[in-house]
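1. Mind folding the following:
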Amino acid sequence: MNLIHKFKSARRRLDGAIRRHGLVHVVAVVGMVVLRNGLSNTLLRAGSGLPVPQLPRGHVGRGRAGTAHPPAADLDEAYTLSEADWVSWAAVLGAVPASADPRDDRLLPLPLTVVIQGHGVDADADARTQACVAAMDGTARVWSGEPVDPTQFVVFLKAGDAPCADLPNALARAARGGVVEVVSFNLARRTGGRVQPILLPGANPTLLDGLDYVFSRIAVRGDVLADAQNLAVSDPRTLVLEWLKRLPPLQARGRWRHIGQPMAMAEISDQDIEDRRQTGLAKGRLPVRRIAAEGATVVICTKDRGHLARQLVHQLLAKDRAVVEEVVIVSNGTTNPYALQTLADLGREPRVRVIRHDTQFNFSRQCNCGVRAGQGRGPILLLNDDIAPVSEDWLERLMARLDDPAVGAVGPLLLYPDERVQHAGMYIGYTGIAGHILRGARLPQDDYLFTAAAAREVGAVTGAVLLTPRATYEALNGLDEQLATYLQDVDYCLRVRGAGQINVFEPASVLIHMESASIRSIAHAALHQQRHAEWLRFTQRWGEALRGDSLHPQGFDLDDETQRRLAGPAGKRPG
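-> So this is what the prediction gives:
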C-alpha cells in the first residue's frame, strides 16, 4: 500500500509540475535527476515530500508569466537559417519597436551621415547601398567629403551593405536619455543561399580592443571622429578605441548603446570572420606584460582530493613570488589518508598555509576564511582543487587583466577533461539563473563568431577560478556565506558590476576542470533542498536586475546555452 501511495503522489506531483513549468522543463529536470541519482532513487524521491530540484544554470524553462516561449527559428550548425525563416523572424522583430517606452512616439528620426567605405570599387555595390540610404525618408545622406556636424551621428557601412530603412528611428530610440556617442547594432549576412544573423554582445570595449567584432559597422557622433579627415578610409574601430581612451571607463560604457536588432544586411564573407578570429587569437598569444608586481594569495578549498591538490599546489609554487605570493589551503572534513598526508607535506612548504574548517560544507565561508588567513596584499585567486592548468602562463594572463582598474573579476576558459567547454563566461538570464556560454561546445567549430577568440566583458565568471583585486573583495565583504553551494560566484560578480567595475573572460588562459568533485559526496536530496533555498535567496535579492544581460549577444534566447535559438518579438527575451 505504501508503494501505491507513493506512486499516486508522484503522479499528482508530475501533473502539477507540467502545468506550472511545462513539459520540456519537467522532462529536463527528471532526466537530470535520473542521471545523478539513478532510476530507483528518483522514483522514491518523486513519491516523497521533498521539493523538485531546479535545473541548474541555464535551465530550459518558460516565461515569467508561465506562458510558453514564442516560436523562434533555430539556427543550424553553421548558425544560419533559411531565407523564408529569416523573413519570418525579421517580420516578427519589425512588428514591435525596439523599446516599449511610450516616449518613443515623440522621438524624431535622427539625421544621419552615412559613410560608405569601399566606395568606387564596385559601382553596383555602391548603388545598392545608396538606394537603401535614399529610402530613409530623407533623414540620411551619403558623406561626400564635407565636414561633419559634431552633434549628428555618422554611420559607417561598407559598399554593398543594405541598411534597414528604420535605422534613423532605431538610432533615435537608442540615443534617448543621457549623452550617447557610440551605437553598435546587430547585422546579418547571406551565405550559401541562407542567412546568418550576426548577433553581437552589447557595448563591449574589452572585446573591441581584441578584435573588430562590429565588422567596422557602427554609428558614432561627430565629435567622436576627433581629427579624422577622410572618413572613407578611416578605421571605425580605431576611432572608437581612441574615444574610449579619452574618457573614464564607466563614462565611456555609459555613452555606448547597442541595438539588439539586425540593422543591415552586410557584405561580410567567411574570410572576414576568420580574419577577425585569427586577429583575436594572435593577440592572445602575445607575451603578457604586467604593471603590478604583487603576487596573488591563492585560496584552495579541498576535501579528499590529495593527488589533484598536490599536483596543483606544486605547479603554483613553481611560479615566483611576483605571481604567487602564498597558497592558503582550506581543508573541509578531510579523512582520506593520502589527502591528509598531502596536506601535511604541503604545509611544510614556506609559501603554503593549511587551515582546517571541519564544519558543514560552505564554499563561500571556506573561501572567506582562506582569504582572512592570508598575509599577502596582492590580488586574490579563488581556485578549486580539481583544476589542471593547460596554458603555461594562465595565471599571468589573468593577473595582467587587473592592471586595468575597471576590472573587478576575471576568469579563464575552462574545459572538461574531454576538452569540451565548461566555462567561457556567463550571462544573467531573466529567470535569475546564470547561463554558461558555449557550455559543452567544441572549439573552434562550435564557437559562434568570436566568443572564445578574445577577452570580453561578461555578466559573471565562475568561482572555480576567479581572480579579483583584494581591495574589491574586501570592499564587497567577500562571498555571501548564505549562498553556501550555489550562485555565490554570480552574486559576487553582480556586486562587482554594481560597484562600478567589470567582469572579464580571458580565453588565452586555459585550464581543465573536473567539475564539482568537492561536493559529490553530499547527499543529493539535501543538496537539492539547499540549492533551492539558495536560488530563492539569490533571485529575491537581485529581482529586476536578473531580467536580462546586455553583455549577452542580443537576439539569442537567454534560456538557450547553445546560442542557436533566436529570441522572440522585438529581439526581447521571452516572457
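
2. how far away is the closest residue in space to R221 that isn't next to it in sequence from A406?
-> Spatially, and ignoring its direct neighbours in sequence, R221 is nearest to E181 (4.5 Å; C-beta to C-beta, 6 or more residues apart in numbering). Every residue, glycine included, has its C-beta placed from N, CA and C. E181 sits 18 Å away from A406, going by C-beta to C-beta, to the nearest Å.

3. do D227 as well
-> 26 Å.

4. out of those two, which sits in the more crowded spot?
-> Set D227 next to A406 and count neighbours by other C-beta atoms under 10 Å: A406 wins out with 18 against 5.

5. so who does the more buried one touch?
-> By C-beta atoms under 8 Å, 6 or more residues apart in numbering, A406 lies in contact with 249-250, 501-502.

6. ok, those vs T334, which is closest?
-> Distance to T334 across those (C-beta to C-beta) is lowest for Q501, with 35.0 Å.

7. tell me which element the residue nearest to that closest one when sequence neighbours are not counted is part of?
-> Nearest residue to Q501 in three dimensions, chain neighbours excluded: G408, at 3.0 Å (C-beta to C-beta, 6+ apart). Following DSSP states H and E, one finds G408 within strand 407-415.

8. Mind listing the strands the following helix or strand past that strand pairs with, and their directions?
-> Downstream of strand 407-415, the next assigned helix or strand under DSSP H and E is strand 421-423. In the sheet, strand 421-423 lines up against strand 407-415 (antiparallel) (DSSP bridges).

9. Just the C-alphas of the partner strand, formatted as CSV.
-> In CSV, the C-alpha atoms belonging to strand 407-415 read as follows (Å, rounded to 0.1, in the frame of the first residue of the first chain):
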residue,chain,number,x,y,z
VAL,A,407,38.3,45.1,-13.8
GLY,A,408,36.8,43.7,-10.7
ALA,A,409,36.9,40.0,-11.5
VAL,A,410,38.5,37.9,-14.3
GLY,A,411,38.1,34.2,-15.2
PRO,A,412,39.7,31.8,-17.7
LEU,A,413,38.5,29.3,-20.3
LEU,A,414,37.6,26.1,-18.5
LEU,A,415,37.4,22.8,-20.3
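
10. Name the residues of that strand that are buried.
-> Across strand 407-415, burial judged by 16 or more other C-beta atoms under 10 Å covers 407-415.

11. which two in these are spaced the farthest apart?
-> Farthest apart among the buried residues of strand 407-415 by C-beta to C-beta are G408 and L415. That separation is 24.6 Å.

12. ok, now which ones touch the residue nearest to R221?
-> 220-221, 223-224, 243, 255-256.

13. In strands only, show me those.
-> 220-221, 256 (DSSP state E).

14. quick check, nearest of those to T139?
-> The closest of the ones in strands among the contacts of E181, once distances to T139 are taken by C-beta to C-beta, is R221, at 15.8 Å.

15. quick one, helices of the stretch 51-200 of the chain?
-> All helices of the stretch 51-200 of the chain, identified by DSSP state H, counting those that start in this stretch, fall at 83-95, 123-134, 167-175.

16. Could you point out which of these sits nearest Q341?
-> Using C-beta to C-beta, the helices of the stretch 51-200 of the chain put helix 83-95 closest to Q341, at 60.3 Å.

17. burial measure for T191, as a count.
-> By other C-beta under 10 Å, 15 other residues sit near T191.

18. again, but for Q529
-> Neighbour count of Q529, defined by other C-beta under 10 Å: 14.

19. Ok, Q130 next?
-> 15.

20. list the contacts for the closest residue to it other than its chain neighbours?
-> Leaving aside its chain neighbours, Q130 sits nearest to V142 (5.9 Å; criterion: C-beta to C-beta, 6+ apart). Contact analysis of V142 by C-beta under 8 Å, 6+ apart lists 113-116, 130, 133.

21. Write down the beta-bridge partners of N384, one by one.
-> Bridge pairing for N384 (DSSP bridges) gives the partners C301.

22. low pLDDT regions in the stretch 351-500 of the chain?
-> Applying pLDDT under 70 to the stretch 351-500 of the chain flags the ranges 430-433.

23. Would you map the helices across it?
-> So, for the stretch 351-500 of the chain - with DSSP H, counting those that start in this stretch - the helices run 363-373, 394-401, 470-475, 488-498.

24. Three-state assignment for the residue lying closest to N336 once chain neighbours are set aside, please.
-> Nearest residue to N336 in three dimensions, chain neighbours excluded: D304, at 3.8 Å (C-beta to C-beta, 6+ apart). Secondary structure, DSSP: H, G, I helix; E, B strand; the rest coil: D304 is coil.

25. Might one say that D304 is in contact with P337?
-> No: between D304 and P337 there is no contact under C-beta atoms under 8 Å: 9.5 Å.

26. Tell me which of these two has more neighbours.
-> Ranked by neighbour count (other C-beta under 10 Å), D304 and P337 place D304 first, with 21 against 10.

27. Can you tell me which helix or strand of the protein has the lowest average pLDDT?
-> For the chain, the helix or strand with the lowest mean confidence is helix 39-46, at a mean of 51 (criterion: mean pLDDT, DSSP states H and E).

28. Can you give me the domain boundaries for this structure?
-> Following automatic domain parsing, one finds the domains of the chain at 2-52, 83-285, 296-553.

29. any idea which of those domains is most buried?
-> Counting by mean count of other C-beta atoms under 10 Å, domain 296-553 has the highest mean neighbour count of the domains of the chain, with a mean of 20.

30. Grab the nearest non-local neighbour of A460.
-> C493 (3.6 Å).

31. Quick one: residues contacting the one you found.
-> So C493 contacts 408-409, 426, 459-461, 503 (C-beta under 8 Å, 6+ apart).

32. Now do it against G284, distance only.
-> Per C-beta to C-beta, C493 is found 22 Å from G284.

33. With I218 instead?
-> The spacing between I218 and G284, counted by C-beta to C-beta, is 23 Å.

34. on that earlier part again, show the contacting residues for the residue nearest to N336.
-> Counting by C-beta under 8 Å, 6+ apart, D304 touches 334-336, 339, 521.

35. Local confidence estimate at it?
-> Listed pLDDT for D304 reads 88.

36. Where is the longest strand in the protein?
-> Ranked by number of residues, the top strand in the chain under DSSP E is strand 502-513.

37. quick one: strands adjacent to it?
-> Here strand 502-513 is paired, per DSSP bridges, with strand 387-389 (antiparallel), strand 407-415 (parallel), strand 456-458 (antiparallel).

38. immediately after it, which helix or strand?
-> helix 524-542.

39. elements contacting that next one?
-> Contact here means 3 or more C-beta pairs under 8 Å, 6 or more residues apart in numbering; DSSP states H and E; on that basis helix 524-542 packs against helix 488-498.

40. Who is the residue nearest to Q130 paired with across the strands?
-> On the basis of DSSP bridges, V142 is bridged to V114.
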